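# No sequence on hand, only this structure:
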Ligand SMILES: Cc1ncc(COP(=O)(O)O)c(C=O)c1O
């Protein structure tokens, strides 16, 4: 028994933390396998938008050859920022690396949002924005996208109040796969709020807001090595922003937030970009093949995607049954059952045999 049990008192936790809803991350392969009663190597895991090809082969070699894991990494991220600067063609002073881009979302919110402030999020979108805003005690103003999942600019503008601090934009958006048109980004930047442009899937589409940084000090662009470079397990993302903001972020982040293994892996990945970008091309080609196959299944409506996943809707009322049927076959996709995404599933783009298995199972399960 821990010694604090029994009659000893605990201070009461902050109310907004008590009210927090858990962010449901992706379960490990073994847990999925046990749930389906199938061995882990036969599981098809397409619910996390991960990279099916894994890291560059240079990563394992670099991790094995590195000898200084006994030392803490550089809190100022000097060599890491220099390497990233070469890759992004942006001054190192304007770059901050994070323990995944998730950490940068959290840090930005902690810099700008307190209890009573609000954050504007066009929904449906990535869940971390509201989760991290909730940790700061911020209110999330969800502005529904239109029936083509485009941002409703007018509704976004009218959502802005004196309490609004941050707007999150995601391009391509998770889970809808579409990009934010530049005119919308500019209009939202003109509000003067902090605009965080999350480009986690940039490499699959090539569309970026980085050139806008020159004219808008209130813009932050986020990227990650989780998707295109296959480093999700090592947790490394980055933000590009104005120098003063980057400097503050560097000084308020946990000193050793990016571990040395992640830095070694990132550096090795950037020495092998042609291999990694060929894989990105293969994923994009597979996405288009999967799209064609999904569109042929009666009752399924698949949404065009510029990322490494596809969102599709199922015939009304069949979502749960089909999702359960997929799970029992060892196929794990992301199921949505929200008012905006009722009977929707998102599938990451995997290897060709995985696409074929998903399409075969859906063909069997969907009652058109
Ligand atoms: C839009 C978006 N941003 C950020 C992330 C998280 O990236 P990271 O692994 O760098 O934390 C994801 C992951 O799914 C995502 O979809």
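Nice, I can see it. Every value quoted in this text rests on a predicted model; they were computed, and no experiment measured them.

# can you pull the buried residues of the helix or strand hosting residue 158?
Using DSSP states H and E, residue 158 sits within helix 153-159. Using 16 or more other CB atoms under 10 Å as the test for burial, helix 153-159 gives 153, 156, 159. C-beta coordinates here come from the backbone N, C-alpha and C atoms, glycine included.

# Excluding sequence neighbours, find me the nearest residue to the closest residue to the ligand within the stretch 51-200 of the chain.
For the stretch 51-200 of the chain and the ligand, the shortest gap (CB to the nearest ligand atom) falls at residue 100, measuring 2.7 Å. Of all residues not flanking residue 100 in the chain, residue 235 sits nearest, at 4.2 Å (CB to CB, 6 or more residues apart in numbering).

# Wait, the one you found touches residue 104, no?
No - with contact defined as CB atoms under 8 Å, residue 235 does not count as touching residue 104 (11.2 Å).

# Point out the residues in the stretch 201-350 of the chain that sit beside the ligand.
Within reach of the ligand by CB under 6 Å from any ligand atom, the stretch 201-350 of the chain has these residues: 224, 226, 232, 237.

# is the last one in a bridge, and if so with what?
Residue 237 has the following beta-bridge partners by DSSP bridges: residue 98, residue 224.

# wouldn't it be in contact with residue 226 here?
Yes - between residue 237 and residue 226 there is a contact under CB under 8 Å: 7.1 Å.

# residues touching residue 143, list them.
Residue 143 makes contact with 120-123, 151-152, 155-156, 159 under the criterion CB atoms under 8 Å, 6 or more residues apart in numbering.

# Where do the helices of the stretch 251-368 of the chain begin and end?
Taking DSSP state H, counting those that start in this stretch to define them, one finds helices in the stretch 251-368 of the chain at 260-270, 273-295, 319-328, 352-365.

# do you know which of those helices lies nearest residue 183?
Checking these against residue 183 by CB to CB gives helix 273-295 as the closest, at 25.2 Å.

# Quick check: mean pLDDT of stretch 350-359?
Averaged across stretch 350-359, pLDDT comes to 98.

# what's that stretch in contact with?
With contacts defined as CB under 8 Å, 6+ apart, stretch 350-359 is touched by 44-46, 52, 286, 289-290, 293-294, 297, 326, 329, 331, 333, 347, 349.

# Quick check: which ranges of the stretch 201-350 of the chain have low pLDDT?
Residue ranges of the stretch 201-350 of the chain with pLDDT under 70: none are present.

# burial count for the residue nearest to residue 100?
Around residue 235 there are 20 other residues, counting by other CB atoms under 10 Å.

# Can you tell me how far it is from residue 93?
23 Å (CB to CB, to the nearest Å).

# With residue 158 instead?
To residue 93, residue 158 is 37 Å away according to CB to CB.

# looking at it, residue 219 is touching residue 209, isn't it?
Yes - with contacts counted by CB under 8 Å, residue 219 reaches residue 209, the gap being 6.5 Å.
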